[in-house]
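Visitor: Sequence and predicted structure, then a few things I'm wondering about:
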Amino acid sequence: MNNTLIKNAKIVNEGTIFEGDVLIEGEFIKEIGENISVKPNFTVVDAEGSYLIPGVIDDQVHFREPGLTHKGDIASESRAAVAGGITSFIEQPNTVPNAITQELLEQKYEIAAQNSFANYSFMMGGTNDNLEEVLKTNPRNVAGIKLFLGSSTGNMLVDNEEVLEKIFSSTPMLIAVHCEDEATIKANLEKYKEQYGDNIPMEFHHLIRSEEACYLSSSKAIELAKKTGARLHIFHVSTAKETELFTNKIPLEEKKITAEVCVHHLWFTDADYKTKGTLIKWNPAVKTQDDKDGLWKALLDDRIDVIATDHAPHTWEEKQNPYTSAPSGAPLVQHAVVAMFEAHLQGKIPVERIVEKMAHNPAKIFKIEKRGFIREGYYADIAIVNTTAPWTVNKDNVLYKCGWSPLEGTNFKSRISHTFVNGHLVYTHGKVKDEHYGQRLLFER
């Protein structure tokens, strides 16, 4: 059995920070306390001065397997995730082929069972014509249903209003949505193409995939959710205007409509397009300083519930294409937690709130079984964060298969020193152990 005693940590859990020890026996947290005595054959980790946090649950990643494995795969990207303190991920259906049948969905689980360093779940994809398959989804072992309400990703645009209403009213499962209005984006793109052809300057990206496109789509999805009673989760909110659509008047457990913000929308603004170019081309687009400020405000006042990554790697070569053919998305799982700790050190967010938004709330929203908290009897998914160990992101320490990061050159004051997945120490001293301990996430529903 794998037994570890973590001593002298600043344990962050459920709104408090307290100094103590955590005893891990096998896959689970056995005891939390002060001065837990060392037992024979236990590995001891002294975490003095460091924060011990629940392993982060990233509710939106694109790990590119199957079909797009030149960009990334489940092994490579989950390896980067555990190096970044992310111990569980929920992956999206826009792989090739799209995960829009139960058989294709299960094939992804089979790959992850062999190759994933982190715990995993995969969303079932909805389309204009697969309602029957969507309704077969097992709520016990699948995170939810994913709908693209803007053609961010090829063939998965759901634009048939009758079908949308059927999906919203028929499934008891959480429905997660990408919200951008397709007609608005197309009209905006044509306007800029007339002027610039394919070489549209990147600084116009947030005007093409505009505030209006996001707000139109998000407000429509929320209206439909209220009409049908669906359980709706809106991914990657990117505008201050959209935050007005969400409430903080009721506890998270009672919300039927929840929201997520991504690290890049909290980190970058449209001013960064000049230096970063297509490396920070995302859908929805990184927008203005006012939007960034509005997102931070909504995050801290609990209108926004979750911080995630939308990790979406592309090769360096693909990103060098002109605006119209450079793909949207970038890798983030290795650097998301330390980026948020950097924001903490800048006075923007307490550590307790980082843990709430990146571990506790995803576990609550998706009803994940025995994860997301430092609790006795829960799986020992744990990260230790040292806030006095500066380092710089560069190509030599990037673990993504694509080999680059939009955060290259960034100096972080914090680093992940240890990551445990299901009680196993999978990452320490800058190295990921070459063993796979990830498990399929289960859901209490």
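Guide: Now that the structure is in, tell me what you want to look at. Please read these numbers as outputs of a predicted model, since none were measured by experiment.

Visitor: Wait, E77 touches T69, no?
Guide: No: under the criterion of C-beta atoms under 8 Å, E77 makes no contact with T69, lying 10.2 Å away. Just so you know, the C-beta spots here come from the backbone N, C-alpha and C atoms, and that holds for glycine as well.

Visitor: shared neighbours of these two, anything?
Guide: Taking C-beta atoms under 8 Å, 6 or more residues apart in numbering as the contact rule, E77 and T69 both touch K401.

Visitor: for the stretch 51-200 of the chain, which spans come out with low pLDDT?
Guide: Residues of the stretch 51-200 of the chain meeting the criterion pLDDT under 70: 150-155.

Visitor: any chance you could map the helices in it?
Guide: With DSSP state H, counting those that start in this stretch as the criterion, the stretch 51-200 of the chain has helices at 74-83, 102-115, 131-135, 161-170, 182-196.

Visitor: and the shortest one, how far from the chain's centre?
Guide: Going by C-alpha atoms, centre = their mean, to the nearest Å, the spacing between the C-alpha centre of helix 131-135 and its chain's C-alpha centre is 25 Å.

Visitor: ok, residues contacting it?
Guide: For helix 131-135, the external contacting residues (C-beta under 8 Å, 6+ apart) are I100, T101, Q102, M124, G126, I145, V163, K166, I167, S170, T171.

Visitor: Now, of the residues you listed, which are buried?
Guide: Neighbour counting by 16 or more other C-beta atoms under 10 Å classes I100, T101, M124, G126, I145, V163, K166, I167, T171 among the contacts of helix 131-135 as buried.

Visitor: okay, these in CSV with distance to E110 next?
Guide: Shown next, in CSV, are the buried ones among the contacts of helix 131-135 (distance: C-beta to C-beta, whole Å):
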residue, distance to E110
I100, 17
T101, 14
M124, 15
G126, 22
I145, 20
V163, 29
K166, 30
I167, 26
T171, 24
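
Visitor: doesn't G72 make contact with P313?
Guide: Yes: between P313 and G72 there is a contact under C-beta under 8 Å: 4.2 Å.

Visitor: quick one, which of those two is more surrounded?
Guide: Higher neighbour count among P313 and G72: P313, with 30 against 26, using other C-beta atoms under 10 Å.

Visitor: Can you tell me the element that one falls in?
Guide: Under the criterion DSSP states H and E, no helix or strand holds P313.

Visitor: so who does the spatially closest residue to I175 that is not a sequence neighbour touch?
Guide: With C-beta to C-beta, 6 or more residues apart in numbering as the criterion, I175 has its nearest non-adjacent residue at 4.9 Å, and that residue is I145. Counting by C-beta under 8 Å, 6+ apart, I145 touches M123, M124, G125, G126, V134, T137, I167, T171, M173, L174, I175, A176.

Visitor: Strands along the stretch 1-150 of the chain, start to end?
Guide: Counting by DSSP state E, counting those that start in this stretch, one finds strands in the stretch 1-150 of the chain at the ranges 3-13, 16-25, 28-33, 43-46, 51-54, 56-61, 86-91, 119-122, 124-125, 145-148.

Visitor: what do you get for the stretch 301-445 of the chain?
Guide: Along the stretch 301-445 of the chain, counting by DSSP E, counting those that start in this stretch, strands occupy 306-308, 382-386, 391-392, 411-412, 415-421, 424-428, 431-432.

Visitor: Which strands or helices does the third one pack on?
Guide: What it means is strand 391-392. Applying 3 or more C-beta pairs under 8 Å, 6 or more residues apart in numbering; DSSP states H and E, we find strand 391-392 packed against strand 411-412.

Visitor: Can you give the distance from the strand it packs on to the centre of its chain?
Guide: Distance, centroid of strand 411-412 to centroid of chain: 21 Å (C-alpha atoms, centre = their mean).

Visitor: Likewise for stretch 43-54?
Guide: Computed by C-alpha atoms, centre = their mean, the chain-centroid distance of stretch 43-54 equals 24 Å.

Visitor: Return it as CSV; C-alpha atoms alone will do.
Guide: The C-alpha trace of stretch 43-54 is given here as CSV (Å, rounded to 0.1, in the frame of the first residue of the first chain):
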residue,chain,number,x,y,z
THR,A,43,7.0,8.3,3.3
VAL,A,44,7.2,11.7,5.0
VAL,A,45,7.0,14.9,3.0
ASP,A,46,7.8,18.1,4.9
ALA,A,47,5.7,20.9,3.4
GLU,A,48,6.6,23.6,5.9
GLY,A,49,5.9,27.1,4.5
SER,A,50,4.0,25.7,1.5
TYR,A,51,0.3,25.6,0.8
LEU,A,52,-1.4,22.2,0.6
ILE,A,53,-4.5,22.4,-1.7
PRO,A,54,-7.0,19.9,-3.1
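
Visitor: Mind listing what's buried along that stretch?
Guide: Neighbour counts using 16+ other C-beta under 10 Å place V45, A47, S50, Y51, L52, I53, P54 of stretch 43-54 among the buried residues.

Visitor: leaving aside the residues next to it on the chain, what's closest to the second one?
Guide: Computed as C-beta to C-beta, 6+ apart, the closest residue to A47 that is not its neighbour in sequence is A9, at 3.7 Å.

Visitor: And the fifth one, by the same measure?
Guide: Nearest residue to L52 in three dimensions, chain neighbours excluded: A9, at 3.7 Å (C-beta to C-beta, 6+ apart).

Visitor: and the closest residue to A176 other than its chain neighbours, bridged to which residues?
Guide: Spatial nearest neighbour of A176, excluding adjacent residues (C-beta to C-beta, 6+ apart): H233 at 4.6 Å. Taking DSSP bridges as the rule, H233 bridges to A176, T258.

Visitor: Now for H233: which residues touch it?
Guide: Taking C-beta under 8 Å, 6+ apart as the test, what H233 contacts is D59, G144, L174, I175, A176, V177, I257, T258, A259, E260, I365.

Visitor: Neighbour-wise, which one of those residues leads?
Guide: Neighbour counts for the contacts of H233 peak at D59, which has 32 neighbours (criterion: other C-beta under 10 Å).

Visitor: what's near enough to touch that one?
Guide: I90, A143, A176, H233, E260, V306, A308, P362, I365, F366.

Visitor: switch to 6 Å and redo it
Guide: Going by C-beta atoms under 6 Å, 6 or more residues apart in numbering, D59 touches I90, V306, A308, P362.

Visitor: Show the contacting residues for the third one.
Guide: To tie it back to what came earlier, the one meant is A308. A308 neighbours (C-beta under 6 Å, 6+ apart): D58, D59, Q60, E260, C262.

Visitor: Over to the fourth one. Which of the three states is it?
Guide: Spelled out, that is E260. Secondary structure, DSSP: H, G, I helix; E, B strand; the rest coil: E260 is strand.

Visitor: can you give me the helices in the stretch 301-445 of the chain?
Guide: With helices called from DSSP H, counting those that start in this stretch, the stretch 301-445 of the chain shows them at 316-319, 336-345, 351-355, 361-366.
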